[in-house]
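Asker: the sequence and its predicted three-dimensional model are supplied below.
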Amino acid sequence: MTAYEKWERADNEVFHLSEAIDQLSQVRDCDDVIDVLNGRMMVLGFERDQYHAMLEEQNWREDAELSREYMLATI
């Protein structure tokens, strides 16, 4: 599984957890479940941010390599 796929999975899970929390907030006596889901969403949010940072760095490296190759080709 690529870093992009991992980021996408984590992003989708955060979205679905957020939706579940919104729905459960309208149900009586679900405060404990909401707390657990909020904790899981925080962990997944951190994971998603790490994958995003990895992808940004990978894109930066690829752009730098392309720029270097372009400069060498124009010389």
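Answerer: Looks like it arrived, so ask away. Residues are numbered from 1 along each chain as shown.

Asker: contact partners for residue 51?
Answerer: Applying CB atoms under 8 Å, 6 or more residues apart in numbering to residue 51 gives the contacts 3-4, 6-7, 10. C-beta coordinates here come from the backbone N, C-alpha and C atoms, glycine included.

Asker: residue 10 now?
Answerer: 44-45, 47-48, 51.

Asker: in this structure, which residue is closest to the centre?
Answerer: What sits nearest the mean C-alpha location of the chain, by CA atoms, centre = their mean, is residue 48, with 2.5 Å.

Asker: returning to what we had before: write the ChimeraX selection for whichever of the contacts of residue 51 are buried.
Answerer: ChimeraX command restricting those to the buried ones, with burial defined by 16 or more other CB atoms under 10 Å:
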select :6,7,10
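
Asker: please report the distance of the residue nearest to the centre of the chain from residue 59.
Answerer: Separation of residue 48 from residue 59 (CB to CB, to the nearest Å): 16 Å.

Asker: next: residue 38.
Answerer: Taken as CB to CB, the span from residue 38 to residue 59 is 31 Å.

Asker: thinking again about what came up before, among the contacts of residue 10, which are in helices?
Answerer: 44-45, 47-48, 51 (DSSP state H).

Asker: related to what we said a few turns ago, I'd like the contacts of residue 51 as CSV, with secondary structure, pLDDT and distance to residue 28 appended.
Answerer: Output for the contacts of residue 51, formatted as CSV (DSSP: H, G, I helix; E, B strand; the rest coil; pLDDT from 0 to 100; distance: CB to CB, whole Å):
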residue, secondary structure, pLDDT, distance to residue 28
3, helix, 86, 41
4, helix, 90, 40
6, helix, 92, 36
7, helix, 92, 36
10, helix, 94, 31
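
Asker: tell me which element residue 67 falls in.
Answerer: helix 31-74 (DSSP states H and E).

Asker: now do that helix, average pLDDT.
Answerer: Helix 31-74 shows a mean pLDDT of 93 in the predicted model.

Asker: buried residues, stretch 28-48. List them.
Answerer: 37, 41, 44-45, 47-48.

Asker: redo the contacts of residue 51 as JSON lines? Include distance to residue 18.
Answerer: Formatted as JSON lines, those follow (distance: CB to CB, whole Å):
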{"residue": "3", "distance to residue 18": "22"}
{"residue": "4", "distance to residue 18": "21"}
{"residue": "6", "distance to residue 18": "19"}
{"residue": "7", "distance to residue 18": "16"}
{"residue": "10", "distance to residue 18": "13"}
